[in-house]
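> Need coordinates for the following:
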Amino acid sequence: MFKELTKYNSFGKREDFLFLFGELLSSNSQKLDNIIKYCLSRTNYQALPVRAITKLLYTLSLVDIDSSENIYLTYDGLDIKKSIQTDSSLREFTILVVQKILIEIIDINNFSFDAVIGSFTIKNNNIPFQFSGIRNLLLKLDFFYYGTNSNLLVVNNDFLKDLEKLIKVRRKTISYEEFKRIQEHKEAIGQMAEDFVIDFERKRLKCLGRGDLEKIMKVSDIDVGAGYDIISFLSCNSEAYDKFIEVKSYDGIPSFFWSINEVRVSEKKNENYFLYLVDRTKIESENYEPLIICNPYTNVFNSLETWTKEPQTWYFKLKP
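Numbering: from 1, shown residues only. The predicted structure follows:
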């Protein structure tokens, strides 16, 4: 999305944008070459990087440029033009650059508060080198200024509230996307391990001479509160379901998270409850067998000689 911007190391200065928005750009279509020629005819704007700036404005959805290089302001561009004409300020434009470009190309967690300066800072090298033109523009727009050295960029206090709002929105978006990615990954490896255990159980019981193998199935997709994933049989003589399996996958040393509901169900079902710990790095290996633990309430939860148990969260309730 921002690849075109990396071709430019300068997007001009604030006066260039005031000139373009104030005198040249409008909702009427005009040739980009004509704008360039006009700037060359004006002594003060001969060095104005028209193509770089118009590419930036296009990235911000402030202008449209057709295949013949006709350019005109969009509705958003007209709003920015109006705000500039009202108070001769590029504040709204600056916020837009921060929102649509800066916080998309950096890790927002690199912002930190400097108690001595009294503002938020970010290191110069936290902005990718190929976007130095954007950094330079934000310096010229007074969003940033240099701190005690050239590697420290300080956020102008006039923009702190705006930055706070933008980062909150961005963090929520990132959190949701990251959460979704993690959940999808967990579901994929969980499904793989569960499918493996179903197949493993069917092969085990088939070898024992049992025929109704289709009855071995996953229940946790529908009954999420069951406290186990798969129902099976202890032997070919079992007339009813008597084996309840919770599947956990791991990589490396066997380890897993165990919910309070799963622990309580395992305590209740005792010898009929099993943990199947599946090493996902070996799941496709021929003749691989998972680590199978019968009655894990006794053999895991209350077996601190063999297992390390540590709480990840605590629930507190005020006493009456």
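> residue contacts, residue 307?
Listed by Cβ atoms under 8 Å, 6 or more residues apart in numbering, the contact set of residue 307 reads residue 300. For glycine as for every other residue, the C-beta is placed from the backbone atoms N, C-alpha and C.
> residues contacting the closest residue to residue 32 other than its chain neighbours?
Leaving aside its chain neighbours, residue 32 sits nearest to residue 69 (4.2 Å; criterion: Cβ to Cβ, 6 or more residues apart in numbering). Taking Cβ under 8 Å, 6+ apart as the contact definition, residue 69 lies against 31, 32, 33.
> What's opposite the first one in the beta bridge?
Using DSSP bridges, the beta-bridge partners of residue 31 come out as residue 70.
> Number of residues surrounding it?
12 (other Cβ atoms under 10 Å).
> cool, and residue 213?
17.
> tell me the mean pLDDT over the longest helix seen in the chain?
Across the chain, the longest stretch assigned as helix under DSSP state H is helix 160-207. Computed over helix 160-207, the mean pLDDT rounds to 86.
> and if you look at stretch 274-289?
93.
> likewise stretch 309-317?
Rounded mean pLDDT across stretch 309-317 is 82.
> Also stretch 78-98?
Per-residue scores along stretch 78-98 average to 90.
> Now tell me what touches it from outside.
With Cβ under 8 Å, 6+ apart, stretch 78-98 has contacts from 14, 17-18, 21-22, 25-27, 56, 60, 62, 73, 134, 137-138, 141-143, 158-159, 162-163, 166.
> So which of these belong to helices?
14, 17, 18, 56, 134, 137, 138, 162, 163, 166.
> I'd like those written out as a markdown table, with distance to residue 41 and neighbour count added.
Shown next, in a markdown table, are the ones in helices among the contacts of stretch 78-98 (distance: Cβ to Cβ, whole Å; neighbours: other Cβ atoms under 10 Å):
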| residue | distance to residue 41 | neighbour count |
| --- | --- | --- |
| 14 | 22 | 15 |
| 17 | 19 | 24 |
| 18 | 18 | 16 |
| 56 | 23 | 24 |
| 134 | 29 | 24 |
| 137 | 25 | 27 |
| 138 | 30 | 23 |
| 162 | 37 | 17 |
| 163 | 39 | 21 |
| 166 | 39 | 18 |
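> I'd like the residues you listed as JSON lines, with distance to residue 276 appended.
Below are the ones in helices among the contacts of stretch 78-98 laid out as JSON lines (distance: Cβ to Cβ, whole Å):
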{"residue": "14", "distance to residue 276": "65"}
{"residue": "17", "distance to residue 276": "64"}
{"residue": "18", "distance to residue 276": "68"}
{"residue": "56", "distance to residue 276": "56"}
{"residue": "134", "distance to residue 276": "52"}
{"residue": "137", "distance to residue 276": "57"}
{"residue": "138", "distance to residue 276": "55"}
{"residue": "162", "distance to residue 276": "53"}
{"residue": "163", "distance to residue 276": "49"}
{"residue": "166", "distance to residue 276": "47"}
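> Of these, just say which sits nearest to residue 247.
Residue 247 has its nearest neighbour among those in residue 166, at 42.3 Å by Cβ to Cβ.
> Pretty sure that closest one sits against residue 104.
No. The pair residue 166 / residue 104 is not scored as a contact, 10.5 Å apart, by Cβ atoms under 8 Å.
> what ranges do the helices span in the stretch 1-150 of the chain?
Secondary structure of the stretch 1-150 of the chain by DSSP state H, counting those that start in this stretch: the helices cover 14-19, 32-41, 50-59, 75-87, 91-97, 103-105, 132-140.
> of all the ones you listed, which lies closest to residue 260?
When these are compared (using Cβ to Cβ), the closest one is helix 103-105, at 38.9 Å.
> Show me what that closest one packs onto, helices and strands only.
helix 160-207 (3 or more Cβ pairs under 8 Å, 6 or more residues apart in numbering; DSSP states H and E).
> Does the helix it packs on pack against any helices or strands, and if so which?
helix 103-105, strand 119-123, strand 217-218, strand 230-232, strand 243-250, strand 273-279.
> For residue 111, find the nearest of the ones you listed.
Nearest to residue 111, of all those, is strand 119-123, at 5.0 Å by Cβ to Cβ.
> any idea of the angle that closest one forms with helix 160-207?
On the basis of axes from the mean of the first three to the mean of the last three Cα atoms, to 10 degrees, strand 119-123 is oriented at 60 degrees to helix 160-207.
> tilt between strand 119-123 and helix 132-140?
160 degrees.
> rewinding a little: show me the one of the helices of the stretch 1-150 of the chain that comes nearest residue 173.
Nearest to residue 173, of these and by Cβ to Cβ, is helix 103-105 at 10.1 Å.
> Give me the buried positions along the closest one.
Residues of helix 103-105 classed as buried by neighbour count (16 or more other Cβ atoms under 10 Å): 103, 105.
> Mean confidence (pLDDT) on that helix, please.
91.
> Mind listing residues that contact it?
1, 2, 127, 128, 131, 134, 166, 167, 170.
> Just put the residues you listed in TSV and tack on distance to residue 50.
TSV is the format used below for the contacts of helix 103-105 (distance: Cβ to Cβ, whole Å):
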residue	distance to residue 50
1	22
2	19
127	24
128	25
131	20
134	17
166	28
167	32
170	31
